[in-house]
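**Q** Output the structure for:
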Amino acid sequence: MQTILKTDFTQWIGRTQQDHAVFDQSAAARHAATVGFDAGRAGAVMPLLSHWCAFTPNVDTTELSNDGHPKLGGFLPPVHLERRMWAGGTLTFHAPLHIGARLTRHSEIKSITEKEGANGPMLFVSLAHAIFEDDRLCVEETQDIVYLNIPQVFVPPKPKPVPSTPDMIEAVAVTEPLLFRFSAITFNAHRIHYDLPYAKSVEKYPGLVVHGPLQAMLLLRAAIRHSGRDVRQFQFRGIHPMFHFDDMHLFGETTEDGMKLCTGLVDGHQGMQATTIWEEK
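**A** Take a look at the predicted model:
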């Protein structure tokens, strides 16, 4: 591995971790109150992607870094780059998960890649998760995390326009309480989502950042509602941050086997891109 960062992280590749969780009826109710899915009762099918609210970083508050993330150097490598982002992921749904069931997640660091970007070094960590209910594999997931330096001033990425004639367009009311509640149900203490002075003065964002996983949940829910189809695979990646003051919308275009999706501004730029592939009828 080329070591732009002068640190060899090869020994972290192949590391594994196992976690257990239960997404119970109370968690389902909080999830529904935050993002609008039906809560359901014990034994009901969990909404897709709600396992993100089950497997949470339950580390002690004293073990958090200044940004609110758990300190690195345990399962994840001790990267000395100050900004961490969930860049995207791919999920394959094999079977439903159920409210109240005992869930197990097997995680493995699949790759660590260093790159030199326009604004300095970048480190990409790819995690593979397999989520089981009892002994049945239900979800396979790849999670992509990127680390980079915090810039002196915010420089937005090159904008990509939203679709001009989408098959689906929905407005989303992004508010500070929504961002705080989503941070709460995912136990995500990253301060860019709820601490405006920190987001602006330390990480140099112009506003509170809308969570990538929140955007992904909203896009997938809208696609299912629009199509009435079951999803076999979902892929997403962030290409431009969205902020609490943005008039965020959800866009969708029908494809041969699914939908092409994005969040973004009407007549403006995209925020997150995503695709679905439907279950075969």
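**Q** got any ranges where the chain has weak pLDDT?
**A** For the chain, the stretches with pLDDT under 70 are 1-6, 39.
**Q** residue ranges of the strands in it, please?
**A** For the chain, the strands defined by DSSP state E cover 16-22, 83-93, 102-117, 120-133, 136-148, 168-171, 231-238, 248-254, 258-265, 270-278.
**Q** ok, the shortest one: who's next to it in the sheet?
**A** According to DSSP bridges, the neighbouring strands of strand 168-171, each with its direction, are strand 248-254 (antiparallel).
**Q** now the partner strand: how far from the chain's centre is it?
**A** 18 Å (CA atoms, centre = their mean, to the nearest Å).
**Q** Switch the strands of the chain over to CSV; also include mean neighbour count and distance to F187.
**A** To be clear about C-beta, it is placed using only N, CA and C from the backbone, and glycine gets the same treatment. Below are the strands of the chain laid out as CSV (neighbours: other CB atoms under 10 Å; distance: least, CB to CB, whole Å):
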stretch, mean neighbour count, distance to F187
strand 16-22, 13, 11
strand 83-93, 19, 14
strand 102-117, 16, 15
strand 120-133, 18, 17
strand 136-148, 18, 16
strand 168-171, 15, 28
strand 231-238, 20, 20
strand 248-254, 21, 23
strand 258-265, 25, 23
strand 270-278, 22, 21
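**Q** CSV for those strands, including distance to R30?
**A** Converted to CSV, the strands of the chain look like this (distance: least, CB to CB, whole Å):
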stretch, distance to R30
strand 16-22, 14
strand 83-93, 21
strand 102-117, 17
strand 120-133, 20
strand 136-148, 20
strand 168-171, 23
strand 231-238, 22
strand 248-254, 22
strand 258-265, 23
strand 270-278, 23
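**Q** which one of those lies closest to R221?
**A** Nearest of the strands of the chain to R221, taken as CB to CB: strand 248-254 at 8.9 Å.
**Q** ok and the closest one relative to strand 270-278, angle-wise?
**A** Interaxial angle of strand 248-254 relative to strand 270-278 (axes from the mean of the first three to the mean of the last three CA atoms, to 10 degrees): 40 degrees.
**Q** picking that back up, wait, which of the strands of the chain is closest to Y205?
**A** strand 83-93 (9.9 Å).
**Q** Parallel or antiparallel, list what pairs with that closest one.
**A** strand 136-148 (antiparallel), strand 231-238 (antiparallel).
**Q** Tabulate the ones you listed (TSV), appending distance to S107.
**A** Converted to TSV, those look like this (distance: least, CB to CB, whole Å):
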stretch	distance to S107
strand 136-148	9
strand 231-238	19
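**Q** distance of H240 from V125?
**A** Distance of H240 to V125, computed by CB to CB, to the nearest Å: 21 Å.
**Q** Of the strands paired with strand 83-93, which is nearest W278?
**A** The nearest among the strands paired with strand 83-93, by CB to CB, is strand 231-238 at 6.4 Å.
**Q** Just want the angle from the lengthiest helix in the chain to strand 270-278.
**A** Counting by DSSP state H, the longest helix found in the chain is helix 212-227. Interaxial angle of helix 212-227 relative to strand 270-278 (the same axes, to 10 degrees): 50 degrees.
**Q** Count the residues that sit near the residue nearest to V59 when sequence neighbours are not counted.
**A** The shortest distance from V59 to any residue other than its chain neighbours is 4.5 Å, reached at P70 (CB to CB, 6 or more residues apart in numbering). Neighbour count of P70, defined by other CB atoms under 10 Å: 16.
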